[in-house]
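> Sequence and predicted structure below; questions after.
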Amino acid sequence: MDYKMKGGMPGMPQIPQGLPMMMMAIGAGLIGFGALLIANEKLLIYVVAGLFMLFGLLLIFIGMRAKRMIG
């Protein structure tokens, strides 16, 4: 059996070309955000509050969609 090593395993999707750079940029952004949180603890309050608000909004949208599906 001859596998093309550059192409990856047969049947497996290819890794997009820009994925490693995107992952490194997101990682650097998260490191920077963590440094901001270390420098200013009040930001953590807003981050947690924002996450709870987003989670609540998501639940409201899911509930509205389920209500529309039921009739």
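Arrived safely, thanks for sending.
> What helix or strand is Tyr46 located in?
Secondary structure from DSSP states H and E places Tyr46 in helix 42-70.
> counting contacts, what elements does that helix pack onto?
Applying 3 or more CB pairs under 8 Å, 6 or more residues apart in numbering; DSSP states H and E, we find helix 42-70 packed against helix 19-39. C-beta coordinates here come from the backbone N, C-alpha and C atoms, glycine included.
> Looking at the helix it packs on now, give me its mean pLDDT.
This predicted structure assigns helix 19-39 an average pLDDT of 93.
> Return the distance of the residue nearest the centre of the chain relative to Gly11.
Nearest to the mean C-alpha position of the chain, counting by CA atoms, centre = their mean, stands Ile26 at 9.4 Å. Noted for Ile26: a distance of 28 Å to Gly11, by CB to CB, to the nearest Å.
> burial of the residue lying closest to Leu44 once chain neighbours are set aside, as a residue count?
Spatial nearest neighbour of Leu44, chain neighbours left out: Leu37 (5.5 Å); criterion: CB to CB, 6 or more residues apart in numbering. For Leu37, the neighbour count with other CB atoms under 10 Å is 13.
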